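# Return atomic coordinates for the entry below.
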Amino acid sequence: MSRVVLSGAAALLAAAALTACQSPTSTEDTINVDDFVDVVVSPNPAQGVASDGRTYRVVRGNNQPDEILPFDWRTTFTLTVTLNQNATDSDLDLTFPVDITAATAKVQQASGGIVSPPTGTETEHYESVLTQASSNRFEGVNATNTMAFDVWYDLPSLRREALITVSLAFRDREGKTFTKNVEVRVAP
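Purely as a prediction, here's the structure:
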């Protein structure tokens, strides 16, 4: 009885040849988070108004005193989040309940909904507060949660128009996690 022994390199080549013969996963089998998480923004677009006096700190460094400046703008909006019937798809393998574990907002200056990053050393300043949430838990399919946000911001362009990206992080009962990003336009 003869025995074939492959060297490390030969074994690696043989394994690579075997994997090359396998067909790739069909893109029809994948489910995007947008297919099972629905979010409605209200109002859409959000409205920016003069800020109510809330301030932020600009650290100057080089023995210069920090500067306390008022935010120029404030906006409020509500997100209504629903896990639709696709949340029970076997490809997802989600186990209810599903919890929202975090909600963060990022403000960027924009024009017509198109982000226009600041140049040089300029930066956007913003602060957001989740002021109300109906719950953080989805007990099953078609469950809905509502969240209200207050956002204060100051942009290098000095304009009120902005694009706010809210990132929602989710975790199911078995520990599976996923994220949904929601764009909230702030009208000029």
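# Every contact and neighbour count from this point should use C-alpha atoms.
Fine.
# Of all the strand elements in this protein, which one is longest?
With DSSP state E applied, the strand covering the greatest number of residues in the chain is identified as strand 98-111.
# Centre-most residue in this protein?
Among the residues of the chain, the one closest to the centroid is Ser167, at 2.2 Å (Cα atoms, centre = their mean).
# residues in contact with that residue?
For Ser167, the contacting residues are Ala102, Ala103, Thr104, Ala105, Thr179, Lys180, Asn181, Val182, by Cα atoms under 8 Å, 6 or more residues apart in numbering.
# Show me which of those are buried.
In these, burial by neighbour count holds for Ala103, Ala105, Thr179, Lys180, Asn181, Val182, counting by 16 or more other Cα atoms under 10 Å.
# so which pair among those is furthest apart in space?
Using Cα to Cα, the pair of the buried ones among the contacts of Ser167 lying farthest apart is Ala105 and Thr179, separated by 13.1 Å.
# The residue nearest to the centre of the chain looks like it's in a strand, true?
Yes: assessed by DSSP: H, G, I helix; E, B strand; the rest coil, Ser167 belongs to a strand.
# Surely Pro97 is in contact with Asn136?
No: the pair formed by Pro97 and Asn136 falls short of the contact definition of Cα atoms under 8 Å, at 10.1 Å.
# average pLDDT for the helix or strand encompassing Thr75?
Applying DSSP states H and E as the criterion places Thr75 in strand 73-83. If you average the pLDDT over strand 73-83, you get 98.
# So in that sheet, which strands flank it, and in what orientation?
For strand 73-83, the paired strands and their directions (DSSP bridges) are strand 37-42 (antiparallel), strand 49-50 (antiparallel), strand 144-154 (antiparallel).
# Just the CA atoms of the first one, as CSV, please.
Written as CSV, here are the backbone C-alpha positions of strand 37-42 (Å, rounded to 0.1, in the frame of the first residue of the first chain):
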residue,chain,number,x,y,z
VAL,A,37,-35.4,47.6,8.3
ASP,A,38,-37.8,50.5,7.2
VAL,A,39,-37.2,54.0,8.5
VAL,A,40,-39.4,57.0,8.0
VAL,A,41,-38.0,60.5,8.7
SER,A,42,-40.4,63.2,9.8
